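Participant: Sequence first, predicted coordinates after that:
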Amino acid sequence: MGAVDVEQFLTSLAVDRHVSASTQNQGLAAVLFLYREVLAVELPWLTDVVRAKRPQRLPVVLTRAEVKSVLERISGIEWLIVSLLYGTGMRLGECVALRAKDIDLPRQEILIRDAKGQKDRVTMLPDALVSHMKAQLTQARALFDKDRQEELAIRAAGIEKPASTHTFRHCFATHLLENGYDIRTVQELLGHSDVKTTMIYTHVLNKGGRGVRSPLDAGRGSRD
């Protein structure tokens with residue numbers, strides 16, 4: 001089949017079978033993969049395909065009274081998060097990822113880092129939230145100082161490595177490999193979709209410097 005046949009197939013998906021735009025795009029990707037990777041044939045650009053239309057759905061919008069009613073029924077950190085979403089327009093993920101250094105209280109600005117499209121942007125800190133944000137930052141600082149004073153178990157054990165709770169996941173994988181379990185088993189247990197991700201632990205197993213003996217160490221015998 002040539003480009004015309006492919007165009008007719010993709011068009012029929014939209015016109016005859018009324019599939020969604022994402023389904024048609026999936027079909028196009030599958031056909032291109034078949035031709036490029038399996039048949040080693042480069043199809044001409046498909047310009048005559050009738051594209052399936054993406055549904056234009058209107059967003060759900062609450063009235064001011066409804067927003068006020070919702071905010072009156074929550075409290076604490078949840079209230080502050082929802083208030084920030086409404087008061088700044090930021091996304092939930094952007095809100096929960098905020099750090100103390102992202103809040104500029106004197107300028108009443110919030111720096112949103114690595115937002116959608118991997119772009120940073122600045123938004124306002126509403127007047128109504130300044131005092132609440134100050135309280136939240138004070139609480140966060142108190143928790144941080146408390147942790148520093150009490151020290152975590154890793155420091156109490158005399159370990160200076162920059163370890164965290166996630167380190168124990170790395171230890172799990174590394175120690176299984178040390179015990180002789182195959183990397184595919186470890187990949188499945190970790191939930192990695194690609195074995196290349198699991199391969200990083202094989203590098204941890206290697207001796208420093210790829211197991212090469214330093215010439216400085218090799219020459220120490222004559223001085224001892």
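Facilitator: Looks like it came in fine.
Participant: List the buried residues of the top helix by length along the chain.
Facilitator: Longest among the helix segments of the chain by residue count, using DSSP state H, is helix 130-150. Under the neighbour-count criterion of 16 or more other Cβ atoms under 10 Å, helix 130-150 has 133, 136 buried. C-beta coordinates here come from the backbone N, C-alpha and C atoms, glycine included.
Participant: For the least confident helix or strand in the chain by mean pLDDT, which residues meet the burial criterion?
Facilitator: Here the helix or strand of the chain ranked lowest by mean pLDDT, DSSP states H and E is helix 215-218, holding a mean of 70. Of all the residues in helix 215-218, not one is buried under the rule 16+ other Cβ under 10 Å.
Participant: for it, packing partners?
Facilitator: Helix 215-218 sits against no helix or strand, with contacts defined as 3 or more Cβ pairs under 8 Å, 6 or more residues apart in numbering; DSSP states H and E.
Participant: Distance from the chain centre to it, please.
Facilitator: Mean-position distance between helix 215-218 and its chain equals 44 Å (Cα atoms, centre = their mean, to the nearest Å).
Participant: re the thing from before, and the contacts of whichever helix or strand comes after the longest helix of the chain?
Facilitator: Sequence-wise, the next helix or strand downstream of helix 130-150 (DSSP states H and E) is helix 153-156. Helix 153-156 is touched from outside by 161, 163, with contacts defined as Cβ atoms under 8 Å, 6 or more residues apart in numbering.
Participant: Would you mark the buried spots in helix 153-156?
Facilitator: Buried, per 16+ other Cβ under 10 Å, within helix 153-156: nothing.
Participant: any idea how far that helix is from the chain center?
Facilitator: Relative to its parent chain, helix 153-156 has a centroid offset of 29 Å by Cα atoms, centre = their mean.
Participant: which residues are in contact with the helix or strand that comes right after that helix?
Facilitator: Sequence-wise, the next helix or strand downstream of helix 153-156 (DSSP H and E) is helix 167-178. Helix 167-178 is contacted from outside by 161, 183, 185-186, 189-190, 198, 201-202, 204-205, using Cβ under 8 Å, 6+ apart.
Participant: Right, I'll leave it there.
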